[in-house]
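Asker: A structural model of the following input is requested.
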Amino acid sequence: MRLPRSWRSAEFDRRRFLGASALTAAAALLGPAMATAAPIAGLRAGRGRSDVTGEIWGAGMLGYAVPEQISSGLHLRQYARAFVLADATSGVRVVHVTVDVGLMFQSVFEEVVRRLQLRYGNLYHRGNVLLGATHTHAGPGGQSGHAMVDITTFGFRPATFEAEVTGIVEAIVAAHDDVSPAQVLVSRGVVEFGGGNRSPLAFARNPAADKAQFPGGVDPTTRNLTIVKAGSKVGNINWFSTHGTSMPGDNRLISSDNKGYAALAAETEVHPGRMADGKPFVAAFAQATPGDISPNLTDGVGADRFAATALIGRRQLDGAVAALDSGTAVGSGIDHRYRYVDMRSFEVSAEFTGDGTTHRLTPAMLGASFAAGSTEDGGAGDDLPFNEAEYGGNPVVAQLNDIVVPAALSKAQEPKDILLPMGLIDGMIQQVLPFHLVRLGSFYLFTCPFEPTINAGLRLRRALGAVLGAAPDVVQVQGYTNAYAHYLTTPEEYDRQEYEGGATVFGRWQLPAVVQIATGLARDLVTGRNSEPEGPALDLTGRIPNSPTGTPFVDFTRPGETFGGVVVQPNASYPVGATASAVFVAANPNNVLRRNDTYLLVERRSDGGWVQVATDAVFETFLRFDKQGPFTHAQVDWAIPPSAASGTYRIRYFGDARSVDGATTPFVGESVPFTVG
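Answerer: Residues are numbered from 1 along each chain as shown. Just a heads-up that it's a prediction; the model follows:
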């Protein structure tokens with residue numbers, strides 16, 4: 001049984017909601033550090049942020065695997081938010097980066113580490129760099145070195161790959177340069193109505209003791225790791241479990257979705273400007289274990305996708321802020337262990353299987369219920385003949401399963417109806433995977449490349465706590481890190497073969513295998529023994545064909561038009577709450593991606609000239625492209641917020657036109673002035 005669609009209430013007024021919430025958050029986040037945060041000798045930290053926004057036109061988008069979902073504009077830019085945590089006494093340091101992308105790939109991770117080592121030697125390496133994805137489903141794809149993911153985005157996209165890698169490295173460099181004495185606080189709280197369980201029948205198969213931890217079928221826990229310098233908060237990492245799917249599968253605007261919204265709201269509304277040290281506040285909203293949690297199954301979500309993004313983002317921000325009052329110092333000392341594991345034939349010890357028998361994993365196999373997509377969050381398409389197990393599966397696939405897949409592998413994957421045995425083809429899907437365990441004082445972070453369900457996360461926390469001699473509540477599990485290998489369900493959830501079970505690629509015993517790996521790292525950490533990390537298998541980076549869509553070629557204007565010319569001017573005046581629009585003669589925006597810059601400005605006239613009011617990195621602006629061959633128009637919309645002062649405004653658009661020789665020439669378009677108020 002699915003959670004009813006009636007849980008979604010009528011659409012709400014997003015402008016009124018945003019204005020009312022900002023002041024509440026500001027008081028807590030701008031407040032002084034907690035009295036419990038005594039100075040810690042030798043603990044140092046730094047923070048940094050940079051833009052990773054890739055191609056905003058013509059790129060297959062990553063997450064839903066819907067071929068028709070191709071980028072055609074921009075709503076919220078994507079960022080990398082980096083923190084370097086260092087122990088000055090031991091020299092041990094860890095880099096934690098939260099990236100507003102759908103998935104994290106080995107191709108990106110390896111190139112980031114390579115560039116860091118060119119700059120810093122072996123200071124940063126595979127063992128101490130953690131790159132986590134927020135799991136937005138509204139970013140451009142084409143960054144993977146494994147072919148399966150790039151098939152859905154029509155190939156590899158070098159420009160988007162470069163934007164992501166460069167932005168991540170820039171954020172880490174900024175954090176490295178910012179490292180200085182710091183205090184670190186950890187706090188826990190709850191997020192109200194941050195999501196609903198999208199596979200309740202699979203969840204219900206778990207033992208009563210597990211389900212008792214999540215009475216509503218969700219994990220409401222929110223956790224902060226707050227960086228304090230000279231008595232002031234300067235950065236924060238938050239973890240909460242909900243999918244980045246507030247923007248649906250027919251959306252074509254680039255967006256960092258609900259977690260990106262929460263981060264931008266913290267940085268621009270709660271902490272506008274710069275901190276006392278002259279640098280901006282950095283707020284990362286990272287993923288935890290959201291495998292079976294949808295933001296679209298919760299109270300108050302309406303049909304407006306942008307309002308839904310803001311609502312779930314604001315709830316995460318409010319929960320994070322409310323938790324800060326319980327912050328306590330983590331203590332001193334940093335240590336970490338990591339390991340790459342070949343999952344294709346990993347032997348799971350009877351100690352971890354729960355049935356007293358040793359089992360082996362198999363090469364990665366995706367089931368028929370995976371192809372159905374998540375019913376609640378879209379993807380896969382309604383025209384495909386696949387359903388989640390609740391609706392009966394697909395009998396044709398079950399028959400093909402007996403013919404195509406070797407019997408031993410099929411048996412080991414039961415009860416999955418195998419549709420795509422990707423693991424049998426080299427380079428299609430990553431199967432040698434990284435796992436990391438970090439200790440920061442009394443706080444522990446375990447990362448993996450999967451999408452864990454909340455019960456999978458619970459079992460990992462319990463197992464790690466038992467070995468580490470710590471309560472499960474001080475252990476944070478983070479998915480989507482340094483690689484990607486689909487879902488991680490409990491064996492009981494796997495047996496149900498909902499979407500998440502069909503996407504648990506290594507079989508029923510995958511979670512016990514990960515628990516075994518995690519506890520091995522914990523034992524090494526406790527005893528001081530070095531792990532045997534090894535490294536990843538080669539991927540297909542550089543060998544996957546480039547995507548042909550959206551590639552810049554040459555730009556022309558129609559007769560009578562010039563680049564930057566205004567095709568449609570704004571109205572003469574607008575009331576607050578209306579949307580001001582202008583349409584410009586434009587060029588392919590992929591000519592110059594304008595990272596850490598803007599394609600547009602909204603400006604207000606003042607005595608000293610024109611003052612910037614909004615860029616393309618704020619929630620109220622929307623940029624959409626209409627491209628017909630070499631001719632392009634760009635529509636800029638500004639949803640005038642309640643905070644807009646009465647006065648005279650204008651909209652400007654910035655582009656770069658490509659000539660037949662490949663050279664690009666910048667241009668600017670400017671609308672006529674209009675009044676607000």
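
Asker: and Ala80, what does it touch?
Answerer: Residues in contact with Ala80 (CB atoms under 8 Å, 6 or more residues apart in numbering) are 49-52, 97-100, 164, 167-168, 170-172. C-beta coordinates here come from the backbone N, C-alpha and C atoms, glycine included.

Asker: Give me the subset of those residues that lies in helices.
Answerer: Residues of these located in helices (DSSP state H): 164, 167-168, 170-172.

Asker: For the residue positioned nearest the centre of the chain, give its distance to Phe285.
Answerer: Nearest to the mean C-alpha position of the chain, by CA atoms, centre = their mean, lies Thr134 at 1.4 Å. Thr134 sits 7 Å away from Phe285, going by CB to CB, to the nearest Å.

Asker: Now the common contact residues for the two.
Answerer: 98, 259-260.

Asker: With respect to Met275, which of these is nearest?
Answerer: Distances from Met275 to the shared contacts of Thr134 and Phe285, taken as CB to CB, are shortest for Thr98 (18.9 Å).

Asker: show me where the stretch 1-150 of the chain has strands.
Answerer: 43-51, 57-62, 70-74, 79-87, 93-99, 129-133, 139-140 (DSSP state E, counting those that start in this stretch).

Asker: Those: which one's closest to Val568?
Answerer: Taking CB to CB, strand 70-74 is the member of the strands of the stretch 1-150 of the chain nearest to Val568, at 15.8 Å.

Asker: name the helices or strands packed onto that closest one?
Answerer: Judged by 3 or more CB pairs under 8 Å, 6 or more residues apart in numbering; DSSP states H and E, strand 70-74 is in contact with strand 57-62, strand 253-254, strand 621-628.

Asker: Would you mind telling me which of these is nearest Leu324?
Answerer: strand 621-628 (29.8 Å).

Asker: Tally up the residues packed near Arg462, please.
Answerer: By other CB atoms under 10 Å, 16 other residues sit near Arg462.

Asker: about what we covered before: can you pull the contacts of the residue nearest to the centre of the chain?
Answerer: Neighbouring residues of Thr134 by CB under 8 Å, 6+ apart: 98-101, 244, 256-257, 259-260, 285-287, 480.

Asker: quick check, nearest of these to Val405?
Answerer: Nearest to Val405 among the contacts of Thr134: Tyr480, at 27.9 Å, using CB to CB.

Asker: Can you find the helix or strand of the chain with the lowest average pLDDT?
Answerer: Scoring the helices and strands of the chain by mean pLDDT, DSSP states H and E places helix 14-29 at the bottom, with a mean of 40.

Asker: my guess is Gly194 meets Trp239, correct?
Answerer: No. Using CB atoms under 8 Å, Gly194 is not in contact with Trp239, being 11.9 Å away.

Asker: where in the stretch 351-500 of the chain is pLDDT low?
Answerer: Along the stretch 351-500 of the chain, segments meeting pLDDT under 70 span 372-375, 378-403.

Asker: just checking, what packs against the top strand by length along the chain?
Answerer: Across the chain, the longest stretch assigned as strand under DSSP state E is strand 647-658. When contacts are defined as 3+ CB pairs under 8 Å, 6+ apart, strand 647-658 packs onto strand 579-586, strand 600-606, strand 631-639, strand 664-670, strand 674-676.

Asker: Pull that strand out as CSV, backbone CA atoms only.
Answerer: Taking Å, rounded to 0.1, in the frame of the first residue of the first chain, the C-alpha atoms of strand 647-658 are listed here in CSV:
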residue,chain,number,x,y,z
GLY,A,647,11.6,51.9,-7.0
THR,A,648,12.9,51.6,-10.5
TYR,A,649,14.5,48.3,-11.7
ARG,A,650,16.0,46.8,-14.8
ILE,A,651,17.0,43.3,-16.0
ARG,A,652,20.4,42.6,-17.6
TYR,A,653,21.5,39.5,-19.4
PHE,A,654,25.1,38.4,-20.1
GLY,A,655,26.1,36.0,-22.9
ASP,A,656,28.9,34.9,-25.1
ALA,A,657,28.4,34.4,-28.8
ARG,A,658,30.5,31.9,-30.7
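
Asker: coming back round to it: out of the ones in helices among the contacts of Ala80, who's nearest Asp277?
Answerer: Of all the ones in helices among the contacts of Ala80, Asp277 sits closest to Ala171, with 17.0 Å by CB to CB.

Asker: Contacts for stretch 567-581, please.
Answerer: Taking CB under 8 Å, 6+ apart as the rule, stretch 567-581 contacts 15, 561, 582-585, 602, 633, 635-642, 644, 649, 651, 671-672, 674-677.

Asker: what does stretch 306-317 give?
Answerer: Outside stretch 306-317, the residues that reach it (CB under 8 Å, 6+ apart) are 11-12, 14, 17-18, 21, 25, 75-76, 191-195, 222, 238, 240, 242, 246-247, 255, 257-262, 265-266, 270, 285, 295-296, 298, 300-302, 619.

Asker: ok, 6 Å please
Answerer: With contact meaning CB atoms under 6 Å, 6 or more residues apart in numbering, stretch 306-317 is reached by 14, 21, 25, 191, 194, 240, 246, 257-258, 261-262, 265-266, 285, 295, 301.

Asker: and those, which are buried?
Answerer: Using 16 or more other CB atoms under 10 Å as the burial test, the contacts of stretch 306-317 include 14, 21, 25, 191, 194, 240, 246, 257-258, 261-262, 265-266, 285, 295, 301 as buried.

Asker: follow-up on the earlier one: point out the most buried one among the helices and strands packed on strand 647-658.
Answerer: Highest mean neighbour count of the helices and strands packed on strand 647-658: strand 579-586, a mean of 23 (counted as mean count of other CB atoms under 10 Å).

Asker: and that strand with strand 57-62, angle?
Answerer: Calculated by axes from the mean of the first three to the mean of the last three CA atoms, to 10 degrees, strand 579-586 forms an angle of 120 degrees with strand 57-62.

Asker: Please could you give me each C-alpha atom of strand 579-586, formatted as CSV?
Answerer: Output in CSV follows, covering the C-alpha atoms of strand 579-586 (Å, rounded to 0.1, in the frame of the first residue of the first chain):
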residue,chain,number,x,y,z
THR,A,579,6.8,38.3,-11.9
ALA,A,580,8.8,40.7,-14.1
SER,A,581,10.0,39.2,-17.4
ALA,A,582,12.2,40.1,-20.4
VAL,A,583,13.3,38.1,-23.4
PHE,A,584,16.8,38.7,-24.9
VAL,A,585,18.6,37.7,-28.1
ALA,A,586,21.0,35.2,-26.7
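
Asker: which residues of the stretch 351-500 of the chain fall in helices?
Answerer: Assigned by DSSP state H, counting those that start in this stretch, the helices in the stretch 351-500 of the chain fall at 368-371, 395-404, 407-412, 454-468, 491-496, 499-502.
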